[in-house]
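Visitor: heads up, no residue letters with this:
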């Protein structure tokens, strides 16, 4: 089993929008798993609804620079349409939008070596410009070497973990798209974002001694 680590920084602002937010645009504190897969798909030049990489690897997330949410008033252009055809059906309106200033995350992928090599090459030489969250939030990205990883147990973690733990920020984030006949549903995971190292008993992956929970 192999692992690929990359560091992603939004040098200005980022907004990871709640898909159900309407009258106010809410943001998650971490990029959802669907957003990370979208970043990789964009680097590979895949079509918008191509979900082939969903089962390629597990994902671990470690916030490096985690700041509080801020709020601004923004004028939002409301569009309606499908594929590449969008029309302005509703009037634009001002609304509050949450955003994060200069967030930095370390992302860990665990999976098959051949597929991770493809991902690594795509991230280092992306086919399209990369962004994280909304399209204005361009990113700086550093890809580290591919490593062989092992599964282990640990009593301390300092990364995002599934479940609810004391002393953490708990969020329910989008995890995966599910094909349901003629519609696409969204699977969520409830995760804890630690403000200090978590104590307990966890299953993890060891990146040369760096312990990460991934799903």
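Guide: Arrived safely. Quick caveat, the model's predicted, so the values are computed rather than measured. Numbers count the residues shown, from 1 in each chain.

Visitor: what's the pLDDT at residue 194?
Guide: For residue 194, the pLDDT comes out at 94.

Visitor: how near is it to residue 169?
Guide: 8 Å (CB to CB, to the nearest Å). For glycine as for every other residue, the C-beta is placed from the backbone atoms N, C-alpha and C.

Visitor: check contacts around residue 126.
Guide: Applying CB atoms under 8 Å, 6 or more residues apart in numbering, we find residue 126 in contact with 42, 43.

Visitor: what's the distance between it and residue 69?
Guide: Using CB to CB, residue 126 is found at 28 Å from residue 69.

Visitor: Helices along this structure, start to end?
Guide: For the chain, the helices defined by DSSP state H occupy 33-44, 113-124.

Visitor: and the closest residue in space to residue 44 that isn't next to it in sequence, how many neighbours?
Guide: Nearest residue to residue 44, sequence neighbours excluded (CB to CB, 6 or more residues apart in numbering): residue 122, at 4.4 Å. As a burial measure, residue 122 scores 21 neighbours (other CB atoms under 10 Å).

Visitor: May I have the phi/psi pair for residue 127?
Guide: Main-chain torsions, residue 127, degrees, to the nearest 10: phi -70, psi -30.

Visitor: which residues sit in contact with it?
Guide: So residue 127 contacts 42, 43, 44, 45 (CB under 8 Å, 6+ apart).

Visitor: Any of those buried? List them.
Guide: Among those, those buried by neighbour count (16 or more other CB atoms under 10 Å) are 42, 43, 44.

Visitor: Surely the first one and residue 130 touch.
Guide: To tie it back to what came earlier, the one meant is residue 42. Yes: using CB atoms under 8 Å, residue 42 makes contact with residue 130 at a distance of 6.2 Å.

Visitor: which residues are contacting stretch 48-58?
Guide: Contact partners of stretch 48-58, identified using CB under 8 Å, 6+ apart, comprise 4, 37, 40-41, 44, 46, 109-112, 115-116, 119, 176-177, 179, 184, 205, 214-215.

Visitor: Filter those residues down to the buried ones, ChimeraX style.
Guide: In ChimeraX syntax, the buried subset of those is picked out as below (16+ other CB under 10 Å):
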select :4,37,40,41,44,46,109,110,111,115,116,119,176,205,214
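
Visitor: Nearest to residue 141 among the contacts of residue 127?
Guide: Ranked by distance to residue 141 (CB to CB), these are led by residue 43 at 8.7 Å.

Visitor: quick one: the closest one and residue 124, what's the gap?
Guide: Relative to residue 124, residue 43 is positioned 9 Å away (CB to CB).
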